[in-house]
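[1] Pasting the sequence and the predicted coordinates here, then a few questions.
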Amino acid sequence: MDMKLNQSSPVLTGPPPLNNSRMGIHSILLPCSQSGASFSSGKKIPIPRKKPSKLDDVQSNGWLDAMKSSSPPRKKLLKDFTIGFASDDTDIAYSSWMVKYPSALNSFEQISNFAKNKKLAVFLDYDGTLSPIVDDPEHALMSDEMHSSVRNVAKYFPTAIVSGRSRDKVYELVGLAELYYAGSHGMDIMGPLHEVIVGHSNCINSTDQQNKEVNLFQPAREFVPMIDEVFRTLAEITKDIKGAKVENHKFCASVHYRSVDEKNWPTIAQHVHDILKNYPRLQLTHGRKVLEIRPVIDWNKGKSVEFLLESLGLNNSDDVLPIYIGDDRTDEDAFRVLRKGARGYGILVSSIPKETEAFYSLRDPSEVMQFLRSLVRWKEQNINSEEVAPIGVTVSQP
């Protein structure tokens, strides 16, 4: 299928039918790789008690550059994306960027026209998408209006939250039992039962908060003790660094440095580097002012979207339109999956220009809420129009 992208707005034309081989279901459901060092609960990792004396590792391997680029100065981004303008004016730069990544609100008619006669599936990141980015992740709460908007979307479309947080934590924050949840960047998925997936070694039959049978898919289950040990070590060695916050997301651990003085970033990076040297089966990824330690497995948010579509029975049809809304670099894996096969729309949430694999953009969570409300109104209008008999047609009474 051809995917057409012009300078005014992206257009999806005729998505091809999906099948198991194209979806990759056989490969993504394989058990975790057994390569690399094995975890031993008896292994004791020495905890550094002092500030690292050498920072050569993180200065030479590019970690510090990556930490700075994960949330670069606004002015630099504007300069990078303002072409042909002498001014660094925010509106000019953003407008220039939006030529390539149009507003999903302004383009809603085009999106809804393509969505006609299709089954929509909605995937949402949490932080920065449904809630604002804040210094303390514990205070990243949805507004009541956003909560209502997400609930209404779930009435009409299969809806999933795909977050870097633990599944339990993001469920606690969202609190909607009718949604599906993929925590730890999709390494902990609660989804519907499906005959292709039930019985797989990485799946557990369970029940959700409404006592409904569900499937728990956890491709990194064997890493839980390892992540727990790393979390405890990180918490200990960073406890004296003001502003540092370490979280255990069950299948990954994160070190937030948003509130840390930049002069202490190298110390945090070196501590993480030193710990990872003892865990060859773990890797570092960078988020928005957060270092994330994750298992070395072929799994990400993009594969999570594919898995959920398979679980929902929506992967083998050409009348399905997935929409994924997210704001972080980890969401790019999902955007890439939808763009690669012209399978759906990725929507980046950002108030500054960024390179992205998404089709469309929204400025902030308030615009995300407007977009979700637009989806609901569009669906309700379609339902109402279908219930009204055409002029000249007599509806017979039973």
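    Thanks, I have the structure now. Keep in mind the model is a prediction, meaning the values are calculated, not measured.
[2] how many neighbours does His185 have?
    Number of residues near His185 (other Cβ atoms under 10 Å) recorded here: 27. From N, CA and C alone the C-beta is placed, and that goes for glycine too.
[3] Wasn't it part of a strand?
    No: using DSSP: H, G, I helix; E, B strand; the rest coil, the secondary structure at His185 is helix, not a strand.
[4] looking at it, it is touching Arg167, isn't it?
    No: taking Cβ atoms under 8 Å as the definition, His185 is not a contact partner of Arg167, at 10.7 Å.
[5] ok, and what's touching the longest helix anywhere in the chain?
    For the chain, the helix with the greatest residue count under DSSP state H is helix 365-387. Outside helix 365-387, the residues that touch it by Cβ atoms under 8 Å, 6 or more residues apart in numbering are 103-105, 108, 112, 115, 120, 122, 124, 128-132, 143, 145-146, 149-150, 152-153, 155-157, 325, 347, 349, 362.
[6] which of the residues you listed are buried?
    Taking 16 or more other Cβ atoms under 10 Å as the criterion, what is buried in these is 103-105, 108, 112, 115, 120, 122, 124, 128-131, 146, 149-150, 152-153, 156-157, 325, 347, 349, 362.
[7] In strands, which of these appear?
    Among the buried ones among the contacts of helix 365-387, the members found in strands (DSSP state E) are 120, 122, 124, 325, 347, 349, 362.
[8] so the third one bridges to which residues?
    This means Leu124. Counting by DSSP bridges, Leu124 forms beta bridges with Ile161, Ile325.
[9] Hmm, Met146 and it touching each other?
    No: the pair Leu124 and Met146 fails to qualify as a contact (Cβ under 8 Å) at a distance of 10.2 Å.
[10] Quickly list what's touching both of those two.
    Both Leu124 and Met146 are contacted by 130, 368, under the criterion Cβ under 8 Å, 6+ apart.
[11] hang on, the earlier thing: would TSV of the ones in strands among the buried ones among the contacts of helix 365-387 with distance to Ser311 and pLDDT be doable?
    Shown next, in TSV, are those (distance: Cβ to Cβ, whole Å; pLDDT from 0 to 100):
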residue	distance to Ser311	pLDDT
Leu120	16	96
Val122	15	98
Leu124	17	98
Ile325	20	98
Ile347	22	98
Val349	25	98
Leu362	27	98
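[12] Nearest to Asp274 among these?
    Comparing these against Asp274 with Cβ to Cβ places Val349 closest, at 34.6 Å.
[13] Distance of the closest one relative to Ala358?
    As for Val349, its distance to Ala358 is 9 Å (criterion: Cβ to Cβ, to the nearest Å).
[14] Gln270: which of the ones in strands among the buried ones among the contacts of helix 365-387 is nearest?
    Nearest to Gln270 among those, counting by Cβ to Cβ, is Val349 at 32.2 Å.
[15] check contacts around the closest one.
    Val349 touches 125, 128-129, 325-327, 361-365, 367-368, counting by Cβ under 8 Å, 6+ apart.
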